[in-house]
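Undergrad: Test case, fold it:
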Amino acid sequence: MEEMAAAFIEEVKRKGHISCLLKDVSFSLCMETGKDKVPIMFRDGAILISSPYHDESYDVTISGTEESIHSVLIGEERLRSAMKARKLTVKSTFRRILFLESLFILSKRHSD
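TA: I've put the predicted structure just below:
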């Protein structure tokens, strides 16, 4: 799952126009399946994968199957649609859910 997160981060970095959305944004996101946990930190324009800590709390937690998380990360399915269909569980503020959904869709890789 870490490879999916790394691919998402690379795609965001590749699309320079998205960087203006990340300015002044600071929060932590943890994506977790039953066996994996991948924390991602958003800090003032930078996105990076951090090490998972046992007792750390995150601002946003997305839980579900690896396939469901991947589908949302690559912009194939909207985050709120996956939540409504109960494919994913998200613990966050509505504002951050909307922000992440926009980010996932804008970073979607388009085939040339």
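
Undergrad: In the protein, what residue spans correspond to strands?
TA: 26-32, 37-43, 46-49, 60-64, 88-91 (DSSP state E).

Undergrad: Least confident secondary structure element in the chain?
TA: helix 19-22 (a mean of 86; mean pLDDT, DSSP states H and E).

Undergrad: What does the pLDDT read for residue 13?
TA: Model confidence at residue 13, given as pLDDT, is 89.

Undergrad: go on, residue 107?
TA: Looking at residue 107, the pLDDT reads 89.

Undergrad: isn't it right up against residue 11?
TA: Yes - taking contacts as C-beta atoms under 8 Å, residue 107 lies within contact range of residue 11: 4.7 Å. In short, each C-beta sits where N, CA and C put it, glycine included.

Undergrad: between the two, who's got more neighbours?
TA: The neighbour count for residue 107 versus residue 11, taken as other C-beta atoms under 10 Å, is higher for residue 107 (22 against 18).

Undergrad: quick one: contacts for that one?
TA: 8, 11-12, 15, 18, 75 (C-beta atoms under 8 Å, 6 or more residues apart in numbering).

Undergrad: Quick one: these as a markdown table, columns for distance to residue 85 too.
TA: As requested, the contacts of residue 107 are exported to a markdown table (distance: C-beta to C-beta, whole Å):
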| residue | distance to residue 85 |
| --- | --- |
| 8 | 21 |
| 11 | 24 |
| 12 | 25 |
| 15 | 27 |
| 18 | 26 |
| 75 | 16 |
